[in-house]
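> sharing a model prediction with you, sequence too.
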Amino acid sequence: MIACSAPIAKTIPKFWQMIWENQTSLVVMLCPEQGPKGEECLNYWNNLTKIGENSLISEDFMVTLIDYEQINARICKRKFSLKNLSCPDQLLEVEHVHDFGWEDDTAIQDEAHFGDVDYIIGQMFIHRDILTKK
């Protein structure tokens, strides 16, 4: 598991490289793309919205959206296929849990976030259990 802040524009390719090298199966994003103070996080998945749509992240990596699920009003779950173009026969599936209702100044005040946190922790346990069985 990796804990990090969202990448900036020039580090997006390195972010996906880190995901690939560590065979990370879950990314949790705890912020909206746009917050009350402006942009909080770059859209590092290049705004893929249609199943099967893909995007060249760099000369080394391509990301394809393979599933999307709206969990509740504040959380969505995306599933990406990450392809390292130097190893075209290998794909890595990455789940992306995005809590876009989590804002620095209001998260503690909103009791609905407790359920969101429970959901996110549950996803982390699922992915941990998958990794320990390998």
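Cool, got the structure.

> where does the residue most central in space within the chain fall, helix, sheet strand or coil?
Nearest to the mean C-alpha position of the chain, by C-alpha atoms, centre = their mean, lies His96 at 3.1 Å. Following DSSP: H, G, I helix; E, B strand; the rest coil, His96 is assigned to strand.

> give the contact list for the closest residue to it other than its chain neighbours.
Spatial nearest neighbour of His96, excluding adjacent residues (C-beta to C-beta, 6 or more residues apart in numbering): Arg78 at 4.2 Å. To be clear about C-beta, it is placed using only N, CA and C from the backbone, and glycine gets the same treatment. Residues counted as contacts of Arg78 (C-beta atoms under 8 Å, 6 or more residues apart in numbering) are Trp45, Leu48, Leu65, Asp67, Tyr68, Glu69, Glu95, His96, His98.

> in what helix or strand does Arg78 lie?
Per DSSP states H and E: Arg78 is located in strand 75-84.

> how about Ile19?
With DSSP H and E as the test, Ile19 turns up in helix 12-21.

> what's that helix packed up against?
For helix 12-21, the elements it packs on are strand 61-70, strand 75-84, strand 91-99, judged by 3 or more C-beta pairs under 8 Å, 6 or more residues apart in numbering; DSSP states H and E.

> nothing else from me, thank you.
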